[in-house]
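Visitor: Give the three-dimensional model of this entry:
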Amino acid sequence: MSSIAPPLFYRIGAVSKLANVPVTTLRIWETRYRAFTPTKTHGQHRLYGQDDVLRATLLKQLSEQGHAVSGIASLDSTQLRLLHTQGLSASALQRVVTQAPPLSACVVGTGFAKRLASNRHKLGLFAEHSERAKVFSDLATACAATERTPTDLLLIRLNTIQDSTVSDLLEFVRRSRATHTLLLYVYGASSNLQTLSNAGITVRKDSISDAELSEWVRNASLEQALRRAGAPTTGRKATPKKYSDETLSRVANISTAVLCECPRHVAELLTQLSSFEQYSQECLNKNSADQQLHEHLAEVSGHARALFEHALELIAAHEGITL
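Guide: Residues are numbered from 1 along each chain as shown. Below you'll find the predicted structure:
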């Protein structure tokens, strides 16, 4: 991904190109369904934010899936993304959102809890259901707490991540049985941060913006609500990887009668696709647009890998190669 930060605001023509939606359609979605809330310059020119670009992209994709824009334009970006990945109807998603009971949360860090409860976040969970959030001043106090009830969301803010902190954190997360865990830190060794990420913890710098923090809570809350309702919480998944890197390397180096060296080429393509699939799954996401892109890239490369695995099996059968 490029390290160049995207612009904060876009003219409608730029949104049209990025989302591949005609300008006239964007204007209809805005005026008729209030799908966007652009700001205006002193010259009364409309300026659209990054969230508007994401919404336009999702609305286009959902409309192509058969959803009426009039019925989904009022949903926020998080709900639109879940609607796109879950294959639910808009009414089904709305029922999950409105009928789901309040989520429980545990917050480690008094200052972090105050930040979450501030009006600027509009998080809902902490503004309207603050009684569902337990707050601990620090990790040691949280670990020493005797009550161990399952928690939906676990949000932790620490100054430093030391080697000893990692084991304490992992044990606390395990005992909390949280379905989603977010850790904000100021300083930490990359190896420790990677260990925590590998354990399924979302690790972010404490400098995370209010918008990103709010988005994480909304995403986690909606996914947990879907899980409670029995709905799937992930999109279509490619089939698991069939062949190890060792097997593909062995096939790539087999001498065959196929003059075009198909076994070697297909095996090499499979190795590259598997690597890219893993890279997309592990790539860091700065916002929901990044996450959506990486999920799509992982899905596409996974399905491509499955097709080439089938092609390799055909070649192996033709050449008498044992996989």
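Visitor: How about residue 10, nearest residue that isn't a chain neighbour?
Guide: In space, and not counting its chain neighbours, residue 10 is closest to residue 48: 4.9 Å by Cβ to Cβ, 6 or more residues apart in numbering. Any C-beta I mention is one placed from the backbone N, CA and C, and that applies to glycine too.
Visitor: That neighbour contacts residue 12, correct?
Guide: Yes: the pair residue 48 / residue 12 is scored as a contact, 6.5 Å apart, by Cβ atoms under 8 Å.
Visitor: joint contacts of these two?
Guide: Jointly contacting residue 48 and residue 12 under the rule Cβ atoms under 8 Å, 6 or more residues apart in numbering are residue 38.
Visitor: After the host helix or strand of residue 220, which helix or strand is next? Please name it.
Guide: Per DSSP states H and E: residue 220 is located in helix 210-228. Per DSSP H and E, the first helix or strand lying C-terminal to helix 210-228 is helix 245-252.
Visitor: what's the distance between that next one and the middle of its chain?
Guide: Relative to its chain's centre, helix 245-252 lies at 32 Å (Cα atoms, centre = their mean, to the nearest Å).
Visitor: Also stretch 252-272?
Guide: Taking Cα atoms, centre = their mean, the mean C-alpha location of stretch 252-272 is offset from the chain mean by 35 Å.
Visitor: start to end distance for that stretch?
Guide: Using Cα to Cα, to the nearest Å, the end-to-end distance of stretch 252-272 comes out at 13 Å.
Visitor: Check stretch 25-43 too.
Guide: 23 Å.
Visitor: Residues contacting it, please?
Guide: 9, 12, 15-16, 19, 46-49, 52, 55-56, 59, 69-70, 73-74.
Visitor: just to revisit the earlier point, so between residue 48 and residue 12, which is more surrounded?
Guide: residue 48 (24 against 20; other Cβ atoms under 10 Å).
Visitor: Among the contacts of stretch 25-43, name the buried ones.
Guide: 9, 12, 15-16, 19, 46-49, 52, 55-56, 59, 69, 73 (16 or more other Cβ atoms under 10 Å).
Visitor: Show me where the stretch 51-200 of the chain has its helices.
Guide: According to DSSP state H, counting those that start in this stretch, the stretch 51-200 of the chain carries its helices in the segments 69-72, 77-86, 90-99, 110-117, 125-128, 139-144, 163-176, 190-198.
Visitor: most tightly surrounded among those helices?
Guide: Mean neighbour count (mean count of other Cβ atoms under 10 Å) peaks for helix 77-86 among the helices of the stretch 51-200 of the chain, with a mean of 21.
Visitor: Could you list the alpha-carbon positions for that helix in PDB?
Guide: Output of helix 77-86 as PDB, limited to C-alpha atoms (Å, rounded to 0.1, in the frame of the first residue of the first chain):
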ATOM      1  CA  SER A  77     -20.600   2.600   6.400                       C
ATOM      2  CA  THR A  78     -20.100  -0.200   8.900                       C
ATOM      3  CA  GLN A  79     -23.600  -1.500   8.300                       C
ATOM      4  CA  LEU A  80     -23.200  -1.200   4.600                       C
ATOM      5  CA  ARG A  81     -20.000  -3.100   4.700                       C
ATOM      6  CA  LEU A  82     -21.500  -5.900   6.800                       C
ATOM      7  CA  LEU A  83     -24.500  -6.000   4.500                       C
ATOM      8  CA  HIS A  84     -22.200  -6.500   1.600                       C
ATOM      9  CA  THR A  85     -20.100  -9.200   3.200                       C
ATOM     10  CA  GLN A  86     -22.800 -11.100   5.000                       C
END
